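**Student:** Here is a sequence with its predicted model. Questions after.
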Amino acid sequence: QLTCITPIGTGANVTMAMSVNDQLSLNFPLFTYKLPVVLSTNTLPTTGGGLTITGNNFGSLGSSAITSVKVDGVVCANPTVMIAHTTITCLTAPGVGKDLEIIVTIAEQASITGAGKFSFSPPTVTSVNSGS
């Protein structure tokens, strides 16, 4: 049995090589990092804007491993890891809705569905015209 510490990373079916007495292993064992997990988001107006997603397993700061971020199936533009492994920001399109599904895909591994939800701000009535 061999125990080792994996480097910080993301992805599935990651290969690694082992060397014992300068002999490299022929069979490269595969391992998989944990899936991304969405825990919470901020609320945005219906005009869209900067979405902040908090969770786990998002990769290192500025990681290029983000495959996509989608809100209710719509791509959230320019996703960036802002705080290593825990916070992503991106730009949402205008929209409406409550408890919309957020799927974060990191290195081809999608977050578990149902874990994180996003809501646009509810409409606000500012005045009523009775019409004469």
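**Tutor:** Received it, and whenever you're ready, just let me know what you need.
**Student:** contacts and neighbour counts: CA atoms only from here.
**Tutor:** Will do.
**Student:** Paired strands for the helix or strand encompassing Thr54, with orientation please.
**Tutor:** If you go by DSSP states H and E, Thr54 is part of strand 49-56. Sheet pairing of strand 49-56 (DSSP bridges) gives strand 37-41 (antiparallel), strand 87-92 (antiparallel).
**Student:** so for stretch 9-25, what's the average pLDDT?
**Tutor:** For stretch 9-25, mean pLDDT rounds to 82.
**Student:** Identify each buried residue in it, please.
**Tutor:** 9-11 (16 or more other Cα atoms under 10 Å).
**Student:** and that stretch, how far apart are its ends?
**Tutor:** 22 Å (Cα to Cα, to the nearest Å).
**Student:** Ala110 and Ile103 touch, don't they?
**Tutor:** Yes - applying Cα atoms under 8 Å as the test, Ala110 and Ile103 come out as touching, 6.5 Å apart.
**Student:** Between these two, which has more neighbouring residues?
**Tutor:** A count of neighbours by other Cα atoms under 10 Å puts Ile103 above the other of Ala110 and Ile103, at 26 against 17.
**Student:** which one is the residue nearest the centre of the chain nearest to, not counting chain neighbours?
**Tutor:** Geometric centre of the chain, nearest residue: Val104, 3.2 Å, by Cα atoms, centre = their mean. Closest residue to Val104 apart from its sequence neighbours, by Cα to Cα, 6 or more residues apart in numbering: Val69 at 4.5 Å.
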